[in-house]
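Peer 1: The sequence and its predicted three-dimensional model are supplied below.
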Amino acid sequence: MLEFLLRGYLVYLSFVQPVVYGAQLCHSPDPDVRQVTNVTLTLIFAWLLEVADVLFLSSFIAMRWLYLCARITLALYFSHHRFLGAVQVYERLFSSLVDIYLPVIDSVVVHHVQIICNSGLTQYGTQMCIGLLRGIAAAAGIAKTLMEVSATTTARVAPLPRRMSQERGGGEVEDARISPPPRPPPATRAARLEPPSLFYDDSDEG
């Protein structure tokens with residue numbers, strides 16, 4: 001129940017209140033530009049957080065109520081008309097990136113708008129769908145080729161010493177090490193023959 005109430009309050013702060021305040025600014029005779037920008041950025045950040053929540057945040061965070069409280073605090077900071085939290089976060093984190101990539105984004109948007117004006121929205125949508133299907137087919141073909149190559153390729157194992165278990169007839173298991181054959185023992189020298197003694201006679205043994 002608590003989580004449901006926190007979720008409802010978060011939706012109100014993230015989406016309902018900025019829209020209502022933005023409508024009030026639009027009807028005012030002299031709206032503040034920074035206030036309008038803050039409302040727009042608040043809605044954008046709220047939408048991005050919702051997407052991140054659906055994709056991976058909800059599965060990683062166990063204490064859901066604490067996460068909702070943190071998002072409520074962040075939404076209050078974003079939508080506050082004095083703090084202008086959304087504008088502050090944008091200027092500190094994202095303004096430099098937008099300045100770098102804004103010309104590229106503008107050129108891409110202008111190019112697509114010109115295509116729509118020349119060919120029409122229906123033909124443009126058809127071309128985009130065809131291009132998307134071709135890209136999916138190409139990616140599927142590459143994945144299939146990689147799977148076939150990995151299935152037909154056999155890995156060659158180097159003949160390294162290894163240990164394996166051999167089961168005896170009685171059920172006991174002994175470890176045998178596969179290793180190179182042992183070297184032959186060094187050749188033994190012949191026994192040295194002693195010269196016959198002058199003071200020893202074989203006939204004395206009898």
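Peer 2: Thanks, I have the structure now.

Peer 1: Please enumerate the helices of the protein.
Peer 2: Here the chain has its helices, by DSSP state H, at 2-11, 17-27, 33-52, 58-60, 64-79, 85-89, 95-119, 121-152.

Peer 1: For stretch 63-72, give me every contacting residue.
Peer 2: Leu2, Glu3, Leu6, Arg7, Tyr9, Leu10, Leu13, Ser14, Leu49, Leu57, Ser58, Ile61 (Cβ atoms under 8 Å, 6 or more residues apart in numbering). Using the backbone N, CA and C atoms, a C-beta is placed for each residue, glycine as well.

Peer 1: how long is stretch 91-100 from one end to the other?
Peer 2: When the termini of stretch 91-100 are compared using Cα to Cα, to the nearest Å, they are 14 Å apart.

Peer 1: and Gly22, how many neighbours does it have?
Peer 2: 18 (other Cβ atoms under 10 Å).

Peer 1: so how far is Leu93 from it?
Peer 2: Using Cβ to Cβ, to the nearest Å, one obtains 22 Å as the distance from Gly22 to Leu93.

Peer 1: With Met63 instead?
Peer 2: Counting by Cβ to Cβ, the gap from Met63 to Leu93 is 26 Å.

Peer 1: just Met1 next, same as before
Peer 2: According to Cβ to Cβ, Met1 and Leu93 sit 36 Å apart.

Peer 1: quick one, which of those two is more surrounded?
Peer 2: More neighbours surround Leu93 than the other of Met1 and Leu93, with 9 against 5 (other Cβ under 10 Å).

Peer 1: neighbours around Lys144, how many?
Peer 2: So Lys144, with other Cβ under 10 Å, has 10 neighbours.

Peer 1: What pLDDT is listed against it?
Peer 2: With respect to pLDDT, Lys144 scores 87.

Peer 1: same check, this time on Ala151
Peer 2: Note on Ala151: pLDDT of 79.

Peer 1: Likewise for Pro186?
Peer 2: 61.

Peer 1: Which residue, other than its chain neighbours, is closest to Arg7?
Peer 2: Distances taken as Cβ to Cβ, 6 or more residues apart in numbering place Leu68 nearest to Arg7, at 6.2 Å, with adjacent residues excluded.

Peer 1: quick one on the thing from earlier: return the most buried member of the helices of the chain.
Peer 2: For the helices of the chain, the largest average neighbour count (mean count of other Cβ atoms under 10 Å) is found in helix 85-89, namely a mean of 19.
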